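1. Here is my input; please provide its structure:
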Amino acid sequence: MRDSDIRKAVKAWLEQDYADDPSTRIVEEMGIWNGSARVDIAVINGELHGIELKSAKDTLERLQNQADLYNQVFDRVTLVADRRHIEKAISMIPQWWDVVCAVVDGDAIRLQHQRTGSSNPGLSKIQLARLLWRAELIDALDKHKLIRGYRSKSNEILAARLAKELTLQELTLEVRGALKSREMWLGQTISDKTEMSVS
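-> Purely as a prediction, here's the structure:
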């Protein structure tokens, strides 16, 4: 079972779940931490949902570090993994993550829910703010009347101001709204809900 096999099955599942929801955007290889890490698939709607894939050919060497990063920005995280990884992976990730087992079923991949998770209890406001591009940071600060004296500041200072002054709820709304409305990601024109990286 290859990564592409699991990815195809997960995308089919998501497309079925959100086919009638124009407010949902599905993004592949979404960058976080200024692109230093990428989640395999992200679903952006009323929440930011990261989905990490681990095929039989993958190892779990990076999973702990990935979890540490994802835990700071995603409202929900789902691990979709080959059966051989499930037991070890569960010991490495937080209890609030969803866990799905990918099983070969003839010529197809069947997805079996192993554990239903919950909402992330520990989002990081500064890491959420860092998901925004410069123009988006400025727009958000301007909207909340926080831009005066900051328009020429660095992205890091803009993100820090936004994280400090907005509540978590306000910030998550700004971030999700910006991610959903971007017209070009990595220079690619939007043609449907499936795009490329955020950073």
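
2. mind checking pLDDT for the nearest residue to residue 37 once chain neighbours are set aside?
-> Closest residue to residue 37 apart from its sequence neighbours, by Cβ to Cβ, 6 or more residues apart in numbering: residue 69 at 4.8 Å. C-beta here means a position set from N, CA and C on the backbone, and glycine is covered the same way. With respect to pLDDT, residue 69 scores 93.

3. Correct me if wrong: residue 69 contacts residue 32.
-> Yes: counting by Cβ atoms under 8 Å, residue 69 does reach residue 32; the two are 6.0 Å apart.

4. Settle it for me: which of those two has more neighbours?
-> The residue with more neighbours, out of residue 69 and residue 32, is residue 32; 24 against 18, by other Cβ atoms under 10 Å.

5. and residue 10, how far is that from residue 125?
-> Residue 10 sits 29 Å away from residue 125, going by Cβ to Cβ, to the nearest Å.

6. for residue 163, same thing?
-> Applying Cβ to Cβ, the value for residue 163 to residue 125 is 4 Å.

7. Give me the common contacts of these two.
-> Residues touching both residue 163 and residue 125 by Cβ atoms under 8 Å, 6 or more residues apart in numbering: residue 171.

8. Any chance of the backbone angles for the residue nearest to residue 37?
-> Backbone torsions of residue 69, given as degrees, to the nearest 10, read phi -80, psi -50.

9. For it, give its distance to residue 86.
-> 21 Å.

10. ok, residue 58 - how many residues close by?
-> There are 19 residues near residue 58, going by other Cβ under 10 Å.

11. Next: residue 26.
-> When neighbours are defined as other Cβ under 10 Å, residue 26 has 22 of them.

12. Over to it. Which of the three states is it?
-> Using DSSP: H, G, I helix; E, B strand; the rest coil, the structure places residue 26 in strand.

13. Wait, it touches residue 41, no?
-> Yes: with contacts counted by Cβ under 8 Å, residue 26 reaches residue 41, the gap being 6.7 Å.

14. Mutual contacts of these two, please.
-> 11, 14.

15. contacting residues for residue 130?
-> Counted by Cβ under 8 Å, 6+ apart, residue 130 has contacts 32, 33, 34, 155, 156, 159.

16. For residue 49, state which of the residues you listed is nearest.
-> residue 32 (13.2 Å; Cβ to Cβ).

17. Quick check: that closest one vs residue 84, distance?
-> For residue 32, the distance to residue 84 equals 27 Å [Cβ to Cβ].

18. Strands of this protein, start to end?
-> 25-32, 37-44, 48-54, 76-82, 98-105, 108-115, 184-185, 188-189, 194-195 (DSSP state E).
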